[in-house]
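Colleague: build me a structure from this.
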Amino acid sequence: SSLSNIISSNNLGSGFSCTDCNAVVFESVIAQNNRGAGYSLLTKDWGNTVTLRSFVSKDNLIGVFANSTIGGVIRDGWIEGNKEEGFRSIRNNIYLTNVTFERSNSPSVTAIRLINGANANRIINNFFVGYDPNYFFEDQTTSNYGNYVEGNTFIQTSPLNKKPLISLKSVSSSSNIINVVSDFNAVGDGYADNSQELSDAFQKGITELREVYIPPGIYGIKTPIHLQGISKLHIISDFGSIKALQPMNSVFSIEDSSLVQISRLILDANKLAENALSLSKVQYVSFDRLIGVNAKGDGFNVDECVANYFLRVVSWNNGHSGFTFKNCLNLLLDQTTSSSNKDGGYVFRGTKPTTVTLYETLSELNLGHSIDSDLGSGSIIIQGGYFESNSGDTLRLNNQATVEGVYITGPSIPTVKALRLLGYSGGSKIIGNTFSWGGPLVYKSPLDKSSFGTTMFSWNIYAKSGGFPLLDEQNPCPVYEACIIRDNLFGDLNED
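Modeller: Have a look, this model is predicted:
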């Protein structure tokens, strides 16, 4: 079973309770202000699994309570303000990764507590805000199987002044959906100006906590759609299009807001708007099958955001990059596409400790780098994906990275690299990928000694080199950094 896009709030028990469950997935869910646990995951049988992904647990008794959930996965979430532990585990084997724990006001509350046989847990690459590194994790187990804790990051203060997650006013009892055509007389002919009609419909949806539906059609606007300071809005469509009719900064922009969801909508900048979508200081915002096209600049421009989720989002034929993200925390991109942009496919910039995660990414026919990541002390995880015929480097990484299960193919150009690891990329793991590549794979020596860790190239397939050496420019193993190259399969390589 799979449950997604659900909010559970103000209950006397748990927000979500799953008893005797197996192969159940909770995705894009929020639990807030419940007197029990935000998520209570209970099973009996060995081998049962529960997955909790892209979630929020805020102001509950316990953030996540797992009991005998053997083989569970908890990832890509935000746990904040719970009265007791953020995560309590009894008799489990849990993989916990890319979750942000923000400390409550109680100094005695720990982020994680493992009890009574909770063994072989993997607690990797999470973020702890306000916790003492020596007192964030309690292991009260007596098992012979150790728990694996690695790569976690500690910061002292929250990165943003966050707004309340859910408005405290009661939800309207009406289940009606606002229709921009039948309720506000919007005209989807591609010529009429619908700026006021759409803005009024969205404002009504915000005020009454109702969904706003945009039927198929092309809804022109002469004034950009701008949402600011809101705490909940859900916009759905059947691939209707909002189209710029005159120059503007962004077709759609959201600022200082939370809990906005947009599904199956096209944002057409029409070569008049700088961006199809821009986000600034937003949190817990999610997009499903949102399409941004024909911008003069970036298709999607995102700055200072927390816990945002992009699912099956497409950016195509834009004048700059498909996606640009700056100073974002807990960012997840799942099955996204960036194609035919005049610069890069995906650009990530930041100085704060964070992890960016990409699953099953498609990037093709862009004129710049396919993925250009410079996150300083942050890291990027790229799992699965297909990268083809981009004119710049396919993966240009200046931070610690995990690249696993991707397929890369490209031109035979000496200056263009399948993989370029720069100064802060020490400790990266390049595992199980296929490089069907005309040019060299390059590991460039770090620029300074701030790079750390053992870099590993393992179980990759290098299908062809086009006559170029596999590794060039610098020695792949700098003297101050460990490097492992093992168990790879090489074909069509010359003696270099």
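
Colleague: what strands flank the host helix or strand of Asp76, and is each parallel or antiparallel?
Modeller: Taking DSSP states H and E as the definition, Asp76 sits inside strand 70-80. Strand 70-80 sits in its sheet next to strand 50-58 (parallel), strand 93-102 (parallel), going by DSSP bridges.

Colleague: who does the helix or strand following it touch, helix- and strand-wise?
Modeller: Where DSSP H and E defines the elements, the next helix or strand beyond strand 70-80 is strand 87-90. Counting contacts by 3 or more C-beta pairs under 8 Å, 6 or more residues apart in numbering; DSSP states H and E, strand 87-90 packs against strand 62-67, strand 93-102, strand 112-115. Yep, even glycine has a C-beta here, placed from its N, CA and C like the rest.

Colleague: swap in 10 Å and give it another go.
Modeller: Secondary-structure packing of strand 87-90 (3 or more C-beta pairs under 10 Å, 6 or more residues apart in numbering; DSSP states H and E): strand 37-42, strand 62-67, strand 70-80, strand 93-102, strand 112-115, strand 137-140.

Colleague: for the stretch 51-200 of the chain, what are the low-confidence residue spans?
Modeller: For the stretch 51-200 of the chain, the stretches flagged by pLDDT under 70 are 68-71, 105-108, 117-120, 142-146, 157-175.

Colleague: got a list of what Thr336 touches?
Modeller: 287, 290, 300, 310-315, 322-323, 345-346, 358-363, 385 (C-beta atoms under 10 Å, 6 or more residues apart in numbering).

Colleague: closest one to Lys417 among the strands paired with strand 70-80?
Modeller: Shortest distance between Lys417 and the strands paired with strand 70-80, using C-beta to C-beta, is found for strand 93-102: 27.2 Å.

Colleague: quick one: the helices in this structure, in order.
Modeller: Using DSSP state H, the helices of the chain run over residues 195-208.

Colleague: who is the most centrally placed residue in it paired with across the strands?
Modeller: Taking C-alpha atoms, centre = their mean, the centroid of the chain lies closest to Leu332, which sits 0.8 Å from it. Taking DSSP bridges as the rule, Leu332 bridges to Tyr309, Thr357.

Colleague: my read: it touches Leu311, true?
Modeller: Yes. Between Leu332 and Leu311 there is a contact under C-beta atoms under 10 Å: 8.4 Å.

Colleague: could you check how far the closest residue to Gly319 other than its chain neighbours is from Ile431?
Modeller: Nearest residue to Gly319, sequence neighbours excluded (C-beta to C-beta, 6 or more residues apart in numbering): Lys296, at 4.5 Å. Counting by C-beta to C-beta, to the nearest Å, the gap from Lys296 to Ile431 is 39 Å.

Colleague: over to Val302?
Modeller: 28 Å.

Colleague: of those two, which one has the most company?
Modeller: Shown here are Val302 and Ile431; by other C-beta atoms under 10 Å, Val302 has more neighbours (24 against 16).

Colleague: list the residues that contact that one.
Modeller: So Val302 contacts 254, 275, 277-280, 282, 285, 308, 310, 323-328, 331, 348 (C-beta under 10 Å, 6+ apart).

Colleague: try it again with 7 Å
Modeller: Leu279, Thr324, Phe325, Cys328 (C-beta atoms under 7 Å, 6 or more residues apart in numbering).

Colleague: do the same with Lys243
Modeller: Gly190, Ile218, Tyr219, Gly220, Asp268, Asn270.

Colleague: out of those residues, who has the most neighbours?
Modeller: Result: Tyr219 is most packed of the contacts of Lys243 (other C-beta under 10 Å), 28 neighbours.

Colleague: so what's the residue nearest to Gly319 up against?
Modeller: Per C-beta under 7 Å, 6+ apart, neighbours of Lys296: Ala269, Lys271, Ala273, Glu274, Gly319.

Colleague: give me the contact list for stretch 127-141.
Modeller: Counting by C-beta under 7 Å, 6+ apart, 100-103, 110-119, 147, 149, 152-156, 158, 353 sit against stretch 127-141.

Colleague: what's the neighbour count on the closest residue to Asp193 other than its chain neighbours?
Modeller: Computed as C-beta to C-beta, 6+ apart, the closest residue to Asp193 that is not its neighbour in sequence is Lys222, at 4.7 Å. Lys222 has 15 neighbours, counted by other C-beta under 10 Å.
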